[in-house]
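**Q** Got a predicted structure plus its sequence, pasted below:
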Amino acid sequence: MCRVEGLAFSARGAHNHHVSQVTVTPSSPILAQSGGEGGGAAFDQIIGISVATAIITVGLLWIAYLHRTRKITWLQTTADTAARALDRPPWVALPLVTFVGTILTAFFGFIWDVSLHIGRGRDDGPLANPAHYFILVGLFLLFITGMLAMILPRDEKPGPAAIKITRTWYVPVGGVLVAGAGLYALIGFPLDDVWHRIFGQDVTLWGPTHLMLIGGAGLSLIGVLLLDYEGRMATPGDTKQDSRLIWFLRCGTFGGLLIGLSVFQIEYDFGVEQFRLVLQPMMIAGAAAFTLVAARIVLGPFAAIVAVAVAGVVRAITALMVGPVLGAPTNVFELCLGAAVLIELLALTPLIKNRVAFGAVGGLLVATVGLWLESLWIDAVYIYPWPTSMWPEALAMAVPVGIAAGACGALLGRVLRSEGLPRPAISRTIVVATVVVIAGATANGLVATVPDNATATIALTEAAPDGGRMVDAEVRIDPPDLASDNPAWVSILSWQGGTGLGNGFTVDRLERTGPGTYRTHEPVPVHGTWKTLLRVQDGRTMTAVPIYLPSDPGIGAEELPAVASSTRDFVPEITILQRERNFDHPSWLFGAASLVVLVCTLALITALAWGAGRISKYTQGQAATGTREDVTVT
């Protein structure tokens, strides 16, 4: 028998020197925790952010009033300058300029933040982490970018699909979507504090409110693409092509979209994935299929490859800045180059004329051959390569997601090419099916089992100290067949050791010495603030055994020392990796809170789909500018 861990947990742990157990029991909810280390942020930080938000909001509204009543000219002058440089209307050009700085700032802050949590652990609140300032500034600028697109149109209707606000004020759909995505992400900050007060600090990227923060920023790229398209359609009589520079920048926007849809697997990029490895190829296939299909349809030959190249350069520079420069753990990232080449080759066939079929077949190729090509890169640079035993389940998840995402990317491509959408029944079915397929695949990937009556006997041998106690380990797992010969991982993770000693993070994939027996390749730390644990993930099994856990007064946890020899039970890994999390609540409360976040997310996706549909309705058949190929579509 085994315990099943899925979307919600209710667990309470108890540790001693020899045996470590976790029992799953319902309990009474803790509706609020005090601010600080284990719960939400300190109130002075909450007040500070609230005041800053109020000031920025009032200031933005005041500038909007002054601009629209013609009491200031500098905003229009600045927008006109950007318009001449980018060959776009002012209400598109200036938001595009601000958006570039916005998304780069937020992305840098996001990667740095994840890296700091891996190397240092939790922080005391939103203002106690330097990376949070970059994220906050980026998200504020994201909201401002969308508002600029809405404020700037003063004497014109910004595109045929513009939304009427007052008798004389029209706003572009893309501006509304970007502002909405920014607002959605910003709402994640106060909700995140509420979440921590109820459930403790879930030190994982996949905390529901964390997903709001990164999801809003990532999906805003769709709004930006639609805004740029509205700007080109605002002058339908002008059919000249974009310059090579503008074409390259538009490819860069699709590169940004690829990054935005890839941030959900950042834990896998660092090697601290807290969910089963089978989710990674599915997420890569979905992001690549959607983005690269749309890029190739909209911008023509080589656009998919250029988008991947831009994404790779941005990710490489960010990883270099966070890792070697700032001394935090360094991440790697997926290439998607094989997927881009496959899309480009498929576009050479007549199938390119049938956009949806092209997207679906392209998604199939990305989720099969593309993932195999990607696995060569994963095996070479990632901490955890993809084992052959994982492929059947991985393909069962990735193939439907890739096909659906590719078809959705084709719909976006049709909108941005003025080709219109298929019948509403077809378009809506594709979008809904994509959401359902992704949700189903994700739910399957989140299901993990913890075996009953499984233990690990760990013998430690002292090694040369390195800033503190270091040990070599020999591990005997009972039953010996808990992990197969080809598991996702059997490793020892040491993290949150503090950046004063290296980067506070190390992983040792254990060497198998016999049935159920393993040993380390290098000494592992068992001192200071390091958290060291044995991890096993094989198929649906995902479990762990603590080796050393420091005392943590902030959450009332005692030290679990690393003794010379111990036999401890395998427990749900989440109870160790997310030690600060409060499991003392009924499962329905976590489910209800997650449902609120899900509803907000579905609202954003619905808004993006509505915006694309509205723009398609008003621009279908108009001459699309800036493309480098023209084909007859069916």
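**A** Structure received.

**Q** So the residue nearest to Val298 when sequence neighbours are not counted versus Leu225, what's the distance?
**A** In this structure, Val298 finds its nearest non-sequential neighbour in Leu416, 4.6 Å apart by C-beta to C-beta, 6 or more residues apart in numbering. Bear in mind the C-beta positions are built from the backbone N, C-alpha and C, glycine included. Leu416 sits 6 Å away from Leu225, going by C-beta to C-beta, to the nearest Å.

**Q** rewinding a little: next one: phi and psi at the residue nearest to Val298?
**A** For Leu416, the backbone dihedrals (degrees, to the nearest 10) come out as phi -80, psi 0.

**Q** next one: Pro487
**A** According to degrees, to the nearest 10, Pro487 has phi -80, psi 170.

**Q** Can you name the residues that contact it?
**A** In this structure, Pro487 makes contact with 387, 389, 536-539, judged by C-beta atoms under 8 Å, 6 or more residues apart in numbering.

**Q** separation between it and Ala459?
**A** 21 Å.

**Q** Same check on Thr291?
**A** Thr291 sits 49 Å away from Ala459, going by C-beta to C-beta.

**Q** If you count surrounding residues, which of the two has more?
**A** Comparing Thr291 with Ala459 by other C-beta atoms under 10 Å, the one with more neighbours is Thr291, at 32 against 15.

**Q** Surely the more buried one is in contact with Gly256?
**A** No. With contact defined as C-beta atoms under 8 Å, Thr291 does not count as touching Gly256 (9.4 Å).

**Q** Could you give the average pLDDT over the strand or helix carrying Val436?
**A** Counting by DSSP states H and E, the element that carries Val436 is helix 424-446. Averaged across helix 424-446, pLDDT comes to 95.

**Q** Show me what secondary structure element comes after it.
**A** Immediately after helix 424-446, counting by DSSP H and E, sits strand 448-451.

**Q** Quick one: list the elements packing against that following strand.
**A** If contacts are counted by 3 or more C-beta pairs under 8 Å, 6 or more residues apart in numbering; DSSP states H and E, strand 448-451 sits against strand 2-5, strand 541-548, strand 571-572.

**Q** repeat that for 7 Å
**A** Applying 3 or more C-beta pairs under 7 Å, 6 or more residues apart in numbering; DSSP states H and E, we find strand 448-451 packed against strand 2-5, strand 541-548.

**Q** looking at these, which has the lowest confidence?
**A** strand 2-5 (a mean of 52).

**Q** Where do the strands of the stretch 51-200 of the chain begin and end?
**A** Secondary structure of the stretch 51-200 of the chain (DSSP state E, counting those that start in this stretch): strands at 163-164, 170-171.

**Q** So which of those is the most surrounded?
**A** Ranked by mean neighbour count, those are led by strand 170-171 with a mean of 20 (mean count of other C-beta atoms under 10 Å).

**Q** who does that strand pair up with?
**A** strand 163-164 (antiparallel) (DSSP bridges).

**Q** His67 and Gly146: what is the separation?
**A** From His67 to Gly146 the distance is 15 Å (C-beta to C-beta).

**Q** Show me which of these two is the more surrounded one.
**A** Gly146 (30 against 19).

**Q** Number of residues surrounding the closest residue to Arg68 other than its chain neighbours?
**A** Nearest non-adjacent residue to Arg68, counting by C-beta to C-beta, 6+ apart: Arg154, 6.1 Å away. Using other C-beta under 10 Å, Arg154 has 16 other residues around it.

**Q** any idea how far Arg154 lies from Ala454?
**A** According to C-beta to C-beta, Arg154 stands 68 Å off from Ala454.

**Q** ditto for Gly119
**A** 30 Å.

**Q** more neighbours, the two?
**A** Using other C-beta under 10 Å, the more surrounded residue of Gly119 and Ala454 is Gly119, with 23 against 18.

**Q** That one reaches Phe505, doesn't it?
**A** Yes. Judged on C-beta atoms under 7 Å, Gly119 makes contact with Phe505 at a distance of 5.2 Å.

**Q** Run through the stretch 1-150 of the chain and note the low-pLDDT ranges.
**A** 1-46, 124-127 (pLDDT under 70).

**Q** all helices for it, in order.
**A** 43-68, 74-86, 90-120, 130-151 (DSSP state H, counting those that start in this stretch).

**Q** Out of these, flag the one nearest Asn582.
**A** helix 90-120 (17.7 Å; C-beta to C-beta).

**Q** joint contacts of Gly119 and Phe505?
**A** Common contacts of Gly119 and Phe505 (C-beta atoms under 7 Å, 6 or more residues apart in numbering): Pro329.

**Q** buried stuff in stretch 117-135?
**A** Buried residues in stretch 117-135, defined by neighbour count with 16 or more other C-beta atoms under 10 Å: 117-123, 125-127, 129, 131-132, 134-135.

**Q** ok, so what distance separates Ile72 from Ile151?
**A** For Ile72, the distance to Ile151 (C-beta to C-beta) stands at 11 Å.

**Q** Comparing the two, which residue is more hemmed in?
**A** When neighbours are counted by other C-beta under 10 Å, Ile72 and Ile151 differ, and Ile151 comes out ahead with 24 against 14.

**Q** got a list of what the residue located most distally from the centre of the chain touches?
**A** Here the chain reaches farthest from its C-alpha mean at Lys71, the gap being 41.8 Å by C-alpha atoms, centre = their mean. By C-beta under 7 Å, 6+ apart, the contact set of Lys71 is empty.

**Q** Kindly recompute the last result at 10 Å.
**A** By C-beta atoms under 10 Å, 6 or more residues apart in numbering, the residues touching Lys71 are Tyr65.

**Q** The one 10 residues further on too?
**A** By C-beta under 10 Å, 6+ apart, the contact list for Thr81 reads 90, 93-94, 97.

**Q** What of Ala398?
**A** Counting by C-beta under 10 Å, 6+ apart, Ala398 touches 278-286, 289, 363-364, 366-368, 370-371, 391, 405, 441.

**Q** count of neighbours near the closest residue to Ala454 other than its chain neighbours?
**A** What sits nearest to Ala454 in space, not counting adjacent residues and going by C-beta to C-beta, 6+ apart, is Phe570, at 4.4 Å. Using other C-beta under 10 Å, Phe570 is surrounded by 28 other residues.

**Q** okay but Phe570 is in contact with Ala544, surely?
**A** Yes. Using C-beta atoms under 10 Å, Phe570 is in contact with Ala544, at 6.8 Å.

**Q** Overlap in contacts, those two.
**A** Here Phe570 and Ala544 have 20, 450, 456, 534-536 as joint contacts, going by C-beta under 10 Å, 6+ apart.

**Q** Pull the most distant pair out of the buried residues of stretch 117-135.
**A** Farthest pair in those, by C-beta to C-beta: Ile118 and Leu127, 20.2 Å.

**Q** Quick check: pLDDT value at Val597.
**A** 82.

**Q** buried residues in whichever strand or helix holds it?
**A** Using DSSP H and E, Val597 sits within helix 587-619. Buried positions in helix 587-619, judged by neighbour count with 16+ other C-beta under 10 Å: 587, 589-590, 593-594, 597, 600-601, 604, 607-609, 611-616, 619.

**Q** sorry, back to before: tell me the pLDDT of the residue nearest to Arg68.
**A** Arg154 is assigned 88 on the pLDDT scale.

**Q** what's it sitting at in phi/psi?
**A** Dihedral angles of Arg154 (phi, psi; degrees, to the nearest 10) stand at phi -130, psi -40.

**Q** That one touches Thr73, doesn't it?
**A** No. The criterion here is C-beta under 10 Å, and Arg154 misses it with Thr73 at 11.4 Å.

**Q** Give the intersection of the neighbour lists for the two.
**A** His67.

**Q** Can you give the distance of stretch 298-314 from its chain's centre?
**A** In terms of C-alpha atoms, centre = their mean, to the nearest Å, the centre of stretch 298-314 is set 20 Å apart from its chain centre.

**Q** and it, which residues are buried?
**A** Neighbour counts using 16+ other C-beta under 10 Å place 298-300, 302-312, 314 of stretch 298-314 among the buried residues.

**Q** so which helix or strand takes in Leu258?
**A** Per DSSP H and E: Leu258 is located in helix 244-262.
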